[in-house]
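Undergrad: Structure for the following, please:
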Amino acid sequence: MLGYLDAGSGSIIASAAAAGFAGAAVAAKMGWQRLTGKFKRGSTEEPEAEAEVEVDETAEAEAAAAEDPTPG
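TA: Next up is the predicted model:
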């Protein structure tokens, strides 16, 4: 007798396949950037990392201000 696949099983299989393709795409992109980054001129720092730090500091300051019950 063959195994039975209901709609839930098919959904899990489709989700796993989509996640696998997405993971492979991200891995390929990162690998390509790592490979080609060695041959690029200029600084090795990524400007996006600085922007993320600024956003995180702002979010932390806003969270601290929201928790502080004293006005001002």
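
Undergrad: helix, strand or coil for residue 39?
TA: coil (DSSP: H, G, I helix; E, B strand; the rest coil).

Undergrad: Ok, residue 3 next?
TA: Using three-state DSSP, the structure places residue 3 in coil.

Undergrad: if I look at it, how far off is residue 13?
TA: Per CB to CB, to the nearest Å, residue 3 is found 12 Å from residue 13. From N, CA and C alone the C-beta is placed, and that goes for glycine too.

Undergrad: who's more crowded, those two?
TA: residue 13 (11 against 5; other CB atoms under 10 Å).

Undergrad: Report the contact partners of that one.
TA: Residues counted as contacts of residue 13 (CB atoms under 8 Å, 6 or more residues apart in numbering) are residue 5.

Undergrad: Which strand or helix spans it?
TA: helix 7-37 (DSSP states H and E).

Undergrad: ok, so what distance separates residue 26 from residue 60?
TA: The gap separating residue 26 from residue 60 is 27 Å, by CB to CB.

Undergrad: before we move on, back to that, for the helix holding residue 13, give the mean pLDDT please.
TA: Averaged across helix 7-37, the pLDDT comes to 93.

Undergrad: Can you list the buried residues in it?
TA: Of the residues in helix 7-37, none count as buried by neighbour count, 16 or more other CB atoms under 10 Å.
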